[in-house]
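[1] I'd like to go over a predicted model; first the sequence, then the structure.
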Amino acid sequence: MLAEEVAEYAKKKGAELVGFADSREALKYFRKSWARSAVVLGISIRHPLLATGVRYPSWDEPRQFIDVIMDAIALSVEEFLRERGHLAMAIGASNRSVDLRRLVVASGLGVEGRNRLIVTPEFGPRVRFSAVVTDAEFAASRRELQNLCRGCRICMDACPSGALNGGLNIRACERYNQELEKDSGLLVKKCTLCTDVCPVGRRWE
Ligand code: SF4
Ligand code: SF4
């Protein structure tokens, strides 16, 4: 089956998570008349700083590197589908024109946690995604993930800006990050505490 071939190929190219979102979801979020489904791809942020207890580990640079890898995997999958006669369009990890998060949820790879990040069983929120929209009709992959976010509030308690009290206060988060940038001079740092502290998917650390 094509879905299995695609998943196997994507994993060979380095994807650690592969899921499929069905036509309804793909059309809803991508608004492409030919789109019938999407392949969703993920890899974890295995940066050593995340496991050292450093208070503000800046994985912004490695994250950018990871995004380049994610985009390359998506382009490979796009080519794989095109070679088999399908329309396909890679959606990069940093693409802001589409709601990749909703697509990830639709593919059953993760759910939105209280930290407002996508949390996966395998890696918690320490993961990045890309996708490939296609006219191939893949059935949605689904998993029972409703209780994956344990509601433990560890992320909320760890947030130094109070941005996670009742949803996400983006302004408070951004303000705090701007302060961090000022404090760190040329070395730009990002707060990643809500990513770091989540206990879900920590078994690999
Ligand atoms: S990045 Fe930092 S400041 Fe922003 S929500 Fe997460 S823990 Fe809070
Ligand atoms: S730290 Fe706890 S409440 Fe926050 S996202 Fe993870 S499991 Fe959910």
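    Cool, the structure landed. Numbering: from 1, shown residues only. Ligands and ions are numbered 1, 2, ... in the order given.
[2] which residue sits closest to T134, ignoring its sequence neighbours?
    Closest residue in space to T134, ignoring its immediate chain neighbours: A88 at 4.4 Å, by C-beta to C-beta, 6 or more residues apart in numbering. Placement of C-beta: from N, CA and C, glycine included.
[3] what does E122 give?
    G201 (5.5 Å).
[4] picking that back up, contact partners for the residue nearest to T134?
    Going by C-beta atoms under 8 Å, 6 or more residues apart in numbering, A88 touches V77, E78, E79, L81, R82, V132, V133, T134, D135, A136.
[5] my read: S161 touches R171, true?
    No - here S161 does not reach R171: they are 9.3 Å apart, not a contact under C-beta atoms under 8 Å.
[6] What is the burial count for A158?
    Using other C-beta atoms under 10 Å, A158 has 16 other residues around it.
[7] my bad, should have said P199
    That count, for P199 with other C-beta under 10 Å as the rule, works out to 11.
[8] quick one: secondary structure of it?
    Classification of P199 using DSSP: H, G, I helix; E, B strand; the rest coil returns coil.
[9] how near is it to ligand 2?
    Distance of P199 to ligand 2, given as C-beta to the nearest ligand atom, to the nearest Å: 6 Å.
[10] check contacts around that residue.
    P199 is in contact with G124, R150, C152, I154, counting by C-beta under 8 Å, 6+ apart.
[11] Report the secondary structure state of the third one.
    Three states are possible here, and by three-state DSSP the one that applies to C152 is coil.
[12] So what's the predicted local confidence for it?
    Predicted confidence (pLDDT) for C152: 94.
[13] among the contacts of P199, which ones are buried?
    G124, I154 (16 or more other C-beta atoms under 10 Å).
[14] hmm, which helix or strand of this protein has the shakiest average pLDDT?
    helix 23-30 (a mean of 71; mean pLDDT, DSSP states H and E).
[15] Number of residues surrounding A106?
    Neighbours around A106, by other C-beta under 10 Å: 24.
[16] picking that back up, and the residue nearest to E122, how many neighbours?
    Neighbours of G201 using other C-beta under 10 Å come to 19.
[17] which residues does it contact?
    By C-beta under 8 Å, 6+ apart, the residues touching G201 are V119, T120, P121, E122, F123, G124, R126.
[18] Could you export those as a markdown table, including pLDDT, distance to K13 and secondary structure?
    Shown next, in a markdown table, are the contacts of G201 (pLDDT from 0 to 100; distance: C-beta to C-beta, whole Å; DSSP: H, G, I helix; E, B strand; the rest coil):
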| residue | pLDDT | distance to K13 | secondary structure |
| --- | --- | --- | --- |
| V119 | 96 | 24 | strand |
| T120 | 96 | 19 | strand |
| P121 | 95 | 22 | coil |
| E122 | 93 | 18 | coil |
| F123 | 91 | 18 | coil |
| G124 | 94 | 23 | strand |
| R126 | 87 | 20 | coil |
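[19] most surrounded residue in those residues?
    G124 leads the contacts of G201 on contacts (other C-beta under 10 Å) with 29 neighbours.
[20] What distance do you get for C191 to C198?
    Relative to C198, C191 is positioned 14 Å away (C-beta to C-beta, to the nearest Å).
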